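Chemist: The sequence and its predicted three-dimensional model are supplied below.
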Amino acid sequence: MRVRTGLILGAAGVFVGLAVAPQAQAQSLNDRWWIQGAGYWASVDSHARVTSVGNTSLGTEIDFETDLGLDENEVLPSFSGGFRAMRRLIIGLDYYKLDRSATRTLSRDIVFDDVTYPASVSLSSSMDTDIYRLTLGYAFIQNDTWEAGAALGLHATDFETELVGEASVGGVGGTATRRQKDFLAPLPTVGLFANWQVAPKVTVNGRVDYMSLEVGDYDGGVTNAQISASYRFTDHVGAGVFYRFVSYDVDITKDDWTGGADYEFSGPGVFLEVAF
């Protein structure tokens, strides 16, 4: 997995900076629950490979943007929410999705599952991704204006990939062939977070989650980091901006196929929030 060390160190710096922030009047730190709807302008880099068990041809490492022509930049819908079960105990939830499709003439042979799509054929492809993040955080350090703590969570990605085009199957070519794979890959995470009320209506937040381990059929890792700032127009309605980085890499071992997938999302976003 390609993890950007500089970004992780930057997120850690944000965490430390928030933890030593000066005093200010608190408002949003007293929210019991909140909901955010966002538009996330993401730069995307995604890869996948699939090999059928018993097939002597290894699956090709496919670059979905370069090989298949899927868009490298997308505006993604994003939803977040949170709930303070107790003063220091915070439950958080994120969801965003990426659906892309394209048709491109291949510049090289691609082996996917037990099928070979040769160079020069027109190949239609799609990659649909739903991403879920659930965390349970505890603020070990807290006063009226800032808090900092640790979190346990679950980062789950639901992949669905499809290729359609003329292909060679078992040495017989020239037939329109469709191959589709989907899987839900959950990975637990550990992380740090900090929230700082910098002014009566302004809050700055930072967090980073990370884990690398094997769970069932999946062996992989995830890094998920975000920094945001929001402004409250009223006690219950506000808006803000954020920057999010996500890197996810998983190897899959199933009874009938093996493979892997990885992606990186990074970019800015804007959101509206309602809180009580």
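Modeler: Structure received.
Chemist: Give me the neighbour count for Thr145.
Modeler: 18 (other Cβ atoms under 10 Å). The way it works is simple: take the backbone N, C-alpha and C, and place the C-beta from them, glycine included.
Chemist: hang on, it packs against Asn30?
Modeler: No. If you go by Cβ atoms under 8 Å, Thr145 and Asn30 don't touch, sitting 10.9 Å apart.
Chemist: in which helix or strand would I find the spatially most central residue of the chain?
Modeler: Residue closest to the mean C-alpha point of the chain, counted by Cα atoms, centre = their mean, is Val246 at 4.7 Å. Val246 belongs to strand 237-253 when elements are defined using DSSP states H and E.
Chemist: Give the other helices and strands that that strand contacts.
Modeler: strand 33-52, strand 146-169, strand 172-199, strand 218-232, strand 257-275 (3 or more Cβ pairs under 8 Å, 6 or more residues apart in numbering; DSSP states H and E).
Chemist: Leu29: what secondary structure?
Modeler: helix (DSSP: H, G, I helix; E, B strand; the rest coil).
Chemist: Against Gly220, how distant is the closest residue to it other than its chain neighbours?
Modeler: Nearest non-adjacent residue to Leu29, counting by Cβ to Cβ, 6 or more residues apart in numbering: Gln197, 5.5 Å away. Going from Gln197 to Gly220 by Cβ to Cβ, to the nearest Å gives 36 Å.
Chemist: before we move on, what about Thr51?
Modeler: Here the criterion is Cβ to Cβ. By it, Thr51 lies 17 Å from Gly220.
Chemist: ok so, going back, which of the helices and strands packed on strand 237-253 has the lowest mean pLDDT?
Modeler: Of all the helices and strands packed on strand 237-253, mean pLDDT reaches its minimum on strand 172-199 (a mean of 90).
Chemist: and the next element down the chain from that strand?
Modeler: Note on strand 172-199: by DSSP H and E, the next helix or strand toward the C-terminus is strand 202-215.
Chemist: helices or strands next to that next one in the packing?
Modeler: Using 3+ Cβ pairs under 8 Å, 6+ apart: strand 202-215 touches helix 5-19, strand 146-169, strand 172-199, strand 218-232.
Chemist: Swap in 6 Å and give it another go.
Modeler: On a contact count with 3 or more Cβ pairs under 6 Å, 6 or more residues apart in numbering; DSSP states H and E, strand 202-215 meets helix 5-19, strand 172-199, strand 218-232.
Chemist: where does the stretch 1-150 of the chain have low pLDDT?
Modeler: 1-28, 56 (pLDDT under 70).
Chemist: excluding its backbone neighbours, what's nearest Phe140?
Modeler: Gly149 (4.9 Å).
Chemist: The one you found: what's it in contact with?
Modeler: 137-140, 193 (Cβ atoms under 6 Å, 6 or more residues apart in numbering).
Chemist: For Pro77, see how far away it is.
Modeler: From Gly149 to Pro77 the distance is 28 Å (Cβ to Cβ).
Chemist: now do Gly238
Modeler: 19 Å.
Chemist: Ok, Thr66 next?
Modeler: Distance from Thr66 to Pro77, by Cβ to Cβ: 25 Å.
Chemist: can I assume Arg179 is in contact with Val115?
Modeler: Yes. Between Arg179 and Val115 there is a contact under Cβ atoms under 6 Å: 5.3 Å.
Chemist: Compare those two and say which is more crowded by neighbours.
Modeler: Ranked by neighbour count (other Cβ under 10 Å), Arg179 and Val115 place Val115 first, with 22 against 19.
Chemist: Many thanks, have a good one.
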